[in-house]
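*Asks:* Show me the folded form of this:
(2 chains)
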Amino acid sequence: MTNEELIKTISDWFPNVEFTEEGSQFLNVIVPKDSILEVAQKLKAEVSTSLDYMFSLTCVDWPDHFQMIYHLKSSEIGHMLVLKVKLEDKENPEVETLCNTFKTADFHEREVYDLFGVKFLNHPDLRRLFLTDDWVGHPLRKDYVDEINIVSS
Amino acid sequence: MEQNVIMNPDGTQEYFVNMGPQHPSTHGVLRLVLTLNGEIIEKVEPHLGYIHRSIEKMCEKDNYRQVIHLTDRMDYLSAHMNNHAVCLAIENGLDVEVPDRAVVIRVIMDELTRISSHTLWWGVMGMDLGAITSFLYGFRDHEYITEIFEETCGARLTMNYNVPGGVMFDLHPNFVQKTKDFIAEFKRKLPEYDTLLSNNVIFLERTKGVGILSKEMAISYGVTGPAGRASGFANDVRKHEPYSNYDKLDFKEILYTEGDTFHRYKARIDEMWESIKIIEQLIDNIPEGDFQAKTRKVIKLPKGEFYQKVETARGELGVFIVSDGKMNPYRMKFRSPGFSNLSALNEMAKGGKIADLVATMSTLDLVVPDIDR
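*Replies:* Down below sits the predicted model:
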């Protein structure tokens, strides 16, 4: 499907999402935090979209919010889009897990939890992935203090 | 782990066994905690982070030119492709036209890297299953390519040869002849690989029908590269989202539907033939001209997001740059193929015998620095 067709189809299903193509080569779909699971499940299950392959899941730490970014592709049709969720609560960021819909989200969400401290609700095994359990802080946050100066120059 | 034996209500026992972090078949420091019922695997749980260097955090402090050499240190057997991916993403952002000569050099280098990575994998896979000969054969051919790289790039493993706009130096005068010699030689050597392993009864017994991954699971876990294509997941980035000049080249995407250890093995062997085909199409037709486009000393990408996929020897590498217009990336994410491929290991090994785990794992061709980053 072209981006226009995708916009039409998705806005029919979910009137509360927004679309933008600015500053990205993909169609960006901005999804309210509470409906991400529902949107992802529908986009995967419907034959017309069948976005079944999540090729990237990551997070960006912006000054006033965290942004979850999910890159999806349809293995059959070949179209791609990006789901974005804004997590306004910087103290305690939480979002619903997608690991029952996309198995790959299991590891990727654990990585984001480890390095950004975003909590994934209903994740079956949310533990740190790379760092030790007693590590203080989340290194990829912009306000992380790198005391032993491993990374900063 | 406090307890390493758990009594089940039905009288059976569950054992926990630590495999790694120092285990020859993990090819790096990867620790797997196996839950066993007798010799049947109930669960494989990877524990990562032994060589986590937080490359993504380092990228945020570095400028765009400095970022490239860090990617060598992820999947060191696909160093050229990793560099290529970052450079393509930066060139996308800058809207730089790469000279034809550089495009062709990059593709030849990528395919040589693929062959060298696969030969190494083949040798090591044989060794994992107890065959020392294949290890020596694999390294012999790997070494030949490493020498070709050394002449042109000055390094044997972490080449750091791609730069935004092209490649760092022109080809060494010996490059074309040496590559041709290698290809001619390797076309005779590759059938030996089949004689040693692919047609070996013991090897077939140990790999056929073992560690099966269905197509649906391959897509869901994001298993890409030869491992995913052996399960029928058509995901060759070179075919489906072509970059450089792959759309003008004649090669096949290797696809199997069985999804077992043997077909993951077979997919890589076939891929080497395809890489030979690609190099043969290009080696006599390297265009003359510049090997590097002029770019500004200090690179600043425009505000926005840039995603670039590249097919490395292990699968789809994604480079995701979020730029806020400054001279270093605001956020850089590497979607490494090994990371997603490893996450499916439990799915493949579950229900199988512990002895088959090593065979299954070696067909995933894990490179641990690529997983930990």
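*Asks:* all contacts plus neighbour counts: C-alpha atoms, from now on.
*Replies:* OK.
*Asks:* okay, A:V151: pLDDT?
*Replies:* As predicted, A:V151 sits at a pLDDT of 62.
*Asks:* Please, which helix or strand holds B:E60?
*Replies:* Assigned by DSSP states H and E, B:E60 belongs to helix B:55-61.
*Asks:* actually A:I77, not the one I typed
*Replies:* Under the criterion of DSSP H and E, A:I77 resides outside all helices and strands.
*Asks:* Could you find the closest non-adjacent residue to A:H65?
*Replies:* Excluding its sequence neighbours, the residue lying closest to A:H65 (CA to CA, 6 or more residues apart in numbering or on different chains) is A:E88, at 4.7 Å.
*Asks:* I figured that neighbour hits A:D61, correct?
*Replies:* No. The pair formed by A:E88 and A:D61 falls short of the contact definition of CA atoms under 8 Å, at 10.8 Å.
*Asks:* if you count what's nearby, which of those two comes out ahead?
*Replies:* Neighbours were counted for A:E88 and for A:D61 using other CA atoms under 10 Å in any protein chain shown; A:D61 has more, 18 against 15.
*Asks:* Any idea what the more buried one is bridged to?
*Replies:* Here A:D61 sits in beta bridges with A:F66, going by DSSP bridges.
*Asks:* Please apply the same query to the one 10 residues further on.
*Replies:* Each beta-bridge partner of A:H71 is listed here, defined by DSSP bridges: A:S56, A:V82.
*Asks:* Give me the number of neighbouring residues for it.
*Replies:* Residues lying near A:H71 (other CA under 10 Å) number 20.
*Asks:* and it, what does it touch?
*Replies:* Each residue near A:H71 by CA atoms under 8 Å, 6 or more residues apart in numbering or on different chains is listed here: A:54-57, A:80-83.
*Asks:* Who wins on neighbours among those?
*Replies:* Busiest of the contacts of A:H71 [other CA under 10 Å] is A:F55, holding 27 neighbours.
*Asks:* max-length helix in chain B?
*Replies:* When chain B is scanned for its longest helix (criterion: DSSP state H), the result is helix B:100-128.
*Asks:* what's downstream of it, the next helix or strand?
*Replies:* Scanning forward in sequence from helix B:100-128 by DSSP H and E, the next helix or strand is helix B:132-153.
*Asks:* coming back round to it: can you tell me the average pLDDT over the helix holding B:E60?
*Replies:* Summarised as a single mean, pLDDT over helix B:55-61 is 86.
*Asks:* cool, stretch A:87-97 as well?
*Replies:* Per-residue scores along stretch A:87-97 average to 88.
*Asks:* Likewise for stretch A:131-144?
*Replies:* On average, stretch A:131-144 scores 86.
*Asks:* is chain B contacted by that stretch?
*Replies:* Yes. Against chain B, stretch A:131-144 shows contacts by CA under 8 Å from any CA of the partner chain at A:131, A:139-140.
*Asks:* Check the separation of the first and last residues in that stretch.
*Replies:* 14 Å (CA to CA, to the nearest Å).
*Asks:* Helices of chain A, start to end?
*Replies:* Under the criterion DSSP H, chain A contains helices at A:3-13, A:36-45, A:105-116.
*Asks:* If I take the shortest one and helix A:3-13, what angle do their directions form?
*Replies:* With axes from the mean of the first three to the mean of the last three CA atoms, to 10 degrees defining the directions, helix A:36-45 sits at 120 degrees from helix A:3-13.
*Asks:* now for the very next helix or strand once past the helix holding B:E60, which elements pack on it?
*Replies:* Under the assignment DSSP H and E, the closest C-terminal helix or strand after helix B:55-61 is helix B:64-72. Helices and strands touching helix B:64-72, by 3 or more CA pairs under 8 Å, 6 or more residues apart in numbering or on different chains; DSSP states H and E, are helix B:55-61, helix B:79-94, strand B:162-163.
*Asks:* Up against chain B, what does chain A have?
*Replies:* So chain A meets chain B at A:22-25, A:52-56, A:58, A:60, A:75, A:78, A:101-105, A:107, A:129-131, A:139-140, A:151-153 (CA under 8 Å from any CA).
*Asks:* List buried residues within the residues you listed.
*Replies:* Among the residues of chain A next to chain B, those classed as buried by 16 or more other CA atoms under 10 Å in any protein chain shown are A:23, A:25, A:52-56, A:58, A:60, A:75, A:78, A:101-105, A:107, A:129-131, A:139-140, A:151.
*Asks:* so of these, which ones are in strands?
*Replies:* Residues of these located in strands (DSSP state E): A:53-56, A:58, A:60.
*Asks:* Can I get those in TSV including pLDDT?
*Replies:* Below are these laid out as TSV (pLDDT from 0 to 100):
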residue	pLDDT
A:Y53	90
A:M54	90
A:F55	89
A:S56	90
A:T58	91
A:V60	91
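*Asks:* State the pair within the residues you listed that is farthest apart.
*Replies:* Spatial extent of those (CA to CA) is set by the pair A:Y53 and A:V60 at 21.0 Å.
*Asks:* How about the secondary structure of the residue positioned nearest the centre of chain B?
*Replies:* Nearest to the mean C-alpha position of chain B, by CA atoms, centre = their mean, lies B:R314 at 2.6 Å. At B:R314 the chain is in coil, as set by DSSP: H, G, I helix; E, B strand; the rest coil.
*Asks:* Now do the one residue in the stretch 251-373 of chain B that gets nearest to chain A, the pLDDT please.
*Replies:* Closest residue of the stretch 251-373 of chain B to chain A, CA to the nearest CA: B:G304 (4.3 Å). Note on B:G304: pLDDT of 88.
*Asks:* you'd agree it is up against B:V322?
*Replies:* Yes. Between B:G304 and B:V322 there is a contact at 6.0 Å, judged by CA under 8 Å.
*Asks:* Which one of the two is surrounded by more residues?
*Replies:* Neighbour count, other CA under 10 Å: between B:G304 and B:V322, B:V322 has more, with 21 against 16.
*Asks:* mind checking which helix or strand that one is in?
*Replies:* For B:V322, the enclosing helix or strand under DSSP H and E is strand B:316-323.
*Asks:* what angle do the helix or strand following that strand and strand A:53-61 make?
*Replies:* With elements assigned by DSSP H and E, the helix or strand that comes after strand B:316-323 is strand B:331-335. Here strand B:331-335 points in a direction 160 degrees away from that of strand A:53-61 (the same axes, to 10 degrees).
*Asks:* Against chain A - does strand B:331-335 have any residue that ends up touching it?
*Replies:* Yes. Contact of strand B:331-335 with chain A (CA under 8 Å from any CA) involves B:331, B:333, B:335.
*Asks:* where's that strand relative to the chain centroid, distance-wise?
*Replies:* Relative to the mean C-alpha coordinate of its chain, strand B:331-335 is positioned 17 Å out (CA atoms, centre = their mean, to the nearest Å).
*Asks:* Paired strands for it, with orientation please.
*Replies:* Counting by DSSP bridges, the strands paired with strand B:331-335 are strand B:316-323 (antiparallel).
*Asks:* so the strand it pairs with versus helix B:64-72, what angle?
*Replies:* 150 degrees.
*Asks:* Averaged pLDDT, strand B:316-323. What do you get?
*Replies:* Confidence over strand B:316-323 (mean pLDDT, whole number) is 91.
*Asks:* cool, and stretch B:174-187?
*Replies:* For stretch B:174-187, the mean pLDDT works out to 91.
*Asks:* Flag every residue of the stretch 151-300 of chain B that's near chain A.
*Replies:* B:217, B:219-222, B:233-235, B:240.
*Asks:* and these as TSV, adding pLDDT and secondary structure?
*Replies:* Converted to TSV, these look like this (pLDDT from 0 to 100; DSSP: H, G, I helix; E, B strand; the rest coil):
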residue	pLDDT	secondary structure
B:M217	89	helix
B:I219	91	helix
B:S220	91	helix
B:Y221	91	helix
B:G222	90	coil
B:F233	90	coil
B:A234	89	coil
B:N235	88	coil
B:H240	88	helix
